[in-house]
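Engineer: Fold the following.
(2 chains)
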Amino acid sequence: AQSVSQHNHHVILSEAASLELGCNYSYGGTVNLFWYVQYPGQHLQLLLKYFSGDPLVKGIKGFEAEFIKSKFSFNLRKPSVQWSDTAEYFCAVIPPYGNKLVFGAGTILRVKS
Amino acid sequence: DSGVTQTPKHLITATGQRVTLRCSPRSGDLSVYWYQQSLDQGLQFLIQYYNGEERAKGNILERFSAQQFPDLHSELNLSSLELGDSALYFCASSVDGGANTDTQYFGPGTRLTVL
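Structural biologist: You can find the predicted model right below:
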């Protein structure tokens, strides 16, 4: 079945460490890609999105993501995490044939102060 | 704050009952989406409405139904509730919903607990 895969379910980092969260999708054709964040007790917020153009996308709060078409990947990065980045991160794809979001299982990030 | 509002925030009910969840989209958005977030299934798309009409359907049970009213708010009706329906139900809205470049903005969710 076509899907979105997030490599790690739980990640624990110390403050100032670098972050990379993996995301792969299995849809062919043109897809649109998103990263959402869910802080504890809050709703999903859009971090960044990719539709076309420069495959390196910058989002809010210092996050960026790189789209690598040949690898069907859209990995999220941040050079130096803060305690306030503790949250659950979701990669999501809009497949070529629709406009619903298909989500990965999420990665829970805990940043130790 | 995304501008999408959902009520109620929490809902506790018993098996077999029926509940209605409400969503108001961001000002100017014509499309509303409903998603279910549960521990075992993750975040799953249920249904989309655009300007009052159903546009897309996902993994929505027959016991569940939705509608979008002329003022563009939407309601998700869940009936004959089962324990497994306990979940967080999110509503999202977007400007158009017809193009896959549309960005969806999420509401705070309604946490449903079925006892």
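Engineer: Neighbours of the residue nearest to A:Gly62 when sequence neighbours are not counted, how many?
Structural biologist: Computed as C-beta to C-beta, 6 or more residues apart in numbering or on different chains, the closest residue to A:Gly62 that is not its neighbour in sequence is A:Lys78, at 5.5 Å. Heads up, the C-betas are built off the backbone N, CA and C, glycines and all. By other C-beta atoms under 10 Å in any protein chain shown, the residues close to A:Lys78 number 21.
Engineer: for A:Gly28, same thing?
Structural biologist: Neighbours of A:Gly28 (other C-beta under 10 Å): 10.
Engineer: contacting residues for it?
Structural biologist: A:Pro96 (C-beta atoms under 8 Å, 6 or more residues apart in numbering or on different chains).
Engineer: switch the cut-off to 7 Å
Structural biologist: With contact taken as C-beta atoms under 7 Å, 6 or more residues apart in numbering or on different chains, A:Gly28 is in contact with no other residue.
Engineer: And A:Ala105, by the same measure?
Structural biologist: Applying C-beta under 7 Å, 6+ apart, we find A:Ala105 in contact with A:6, A:9, B:42.
Engineer: go again using 8 Å as the cut-off
Structural biologist: Contacts of A:Ala105 (C-beta under 8 Å, 6+ apart): A:5-6, A:9, B:42.
Engineer: tell me the SS of B:Arg55?
Structural biologist: Look at B:Arg55: counting by DSSP: H, G, I helix; E, B strand; the rest coil, its state is strand.
Engineer: For the residue nearest to it when sequence neighbours are not counted, the count of nearby residues, please.
Structural biologist: Once flanking residues are discounted, B:Arg55 sits nearest to B:Gln48: 4.7 Å by C-beta to C-beta, 6+ apart. With neighbours defined by other C-beta under 10 Å, the count for B:Gln48 comes to 26.
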